[in-house]
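Enquirer: after the sequence you'll find the predicted model.
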Amino acid sequence: MTQPEPSEASAAAGDARRVLVVDDDAKLATILVLALQRAGYDARAVESGDQALWAILTHQPDALVLDVVIPHPSGVEVCRHLRAHGWTGGIVMISARSNPDDRSTAIRAGADTFLAKPFGLTDLIAAVGTLLTDPPGPPGAAPPSR
């Protein structure tokens, strides 16, 4: 009998961090969800801004992977709405549009980071992982030992 991987044991114990993928490309959303699940996250996907806002209430994710171009409302509008209403989860904004204006629009809307498509799955996992680590201590405090 084999032992579950640590990420599987974590998810089975119910303490996996929750990530919501919001992308209207079902094939890409499935790939992203599977990659996040393999990394140990409780990941789900929805296709539109309306579905995202509802899923945030019901799924209560710790982070979002949010495409800029999704059906109503857009990813940028979802991000602005969440931040305006005090949602503090991590937001990784993704987009096929990667010019500096698109990137700055996403950050101004409240995204924590921006990844231009195509991006590597390891880059996405790293971005989500960075957002879901415990915040650093007070200024001047020593970094935690590993």
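Expert: Yep, that arrived.

Enquirer: going forward, measure contacts and count neighbours with C-alpha atoms only.
Expert: Will do.

Enquirer: all helices of this protein, in order?
Expert: Counting by DSSP state H, the chain has helices at residues 6-12, 26-38, 49-59, 75-84, 100-109, 121-131.

Enquirer: ok, and the closest non-adjacent residue to His72?
Expert: Gly49 (5.3 Å; C-alpha to C-alpha, 6 or more residues apart in numbering).

Enquirer: surely that neighbour touches Val76?
Expert: No: with contact taken as C-alpha atoms under 8 Å, Gly49 and Val76 are classed as non-touching, separated by 9.4 Å.

Enquirer: okay, now Ile31: neighbour count?
Expert: Residues lying near Ile31 (other C-alpha atoms under 10 Å) number 12.

Enquirer: correction: the previous question concerned Asp123.
Expert: Each residue near Asp123 was counted by other C-alpha under 10 Å, and the total is 11.

Enquirer: now do Ile70
Expert: Other residues within reach of Ile70, judged by other C-alpha under 10 Å, total 20.

Enquirer: just the one 3 residues further on next, same as before
Expert: As a burial measure, the neighbour count of Pro73 was computed by other C-alpha under 10 Å and equals 18.

Enquirer: now it: how far from Ile91?
Expert: Using C-alpha to C-alpha, to the nearest Å, one obtains 16 Å as the distance from Pro73 to Ile91.

Enquirer: for Leu115, same thing?
Expert: Using C-alpha to C-alpha, which is the criterion applied here, Leu115 is 11 Å from Ile91.

Enquirer: so between these two, which is more surrounded?
Expert: Remark: of Leu115 and Ile91, Ile91 carries more neighbours, 26 against 20, as counted by other C-alpha under 10 Å.

Enquirer: could you verify my assumption that that one touches Ala109?
Expert: No: with contacts defined as C-alpha under 8 Å, Ile91 does not count as touching Ala109, sitting 10.3 Å away.

Enquirer: joint contacts of these two?
Expert: Each of Cys79 lies in contact with both Ile91 and Ala109 under the rule C-alpha atoms under 8 Å, 6 or more residues apart in numbering.

Enquirer: alright, I will stop here.
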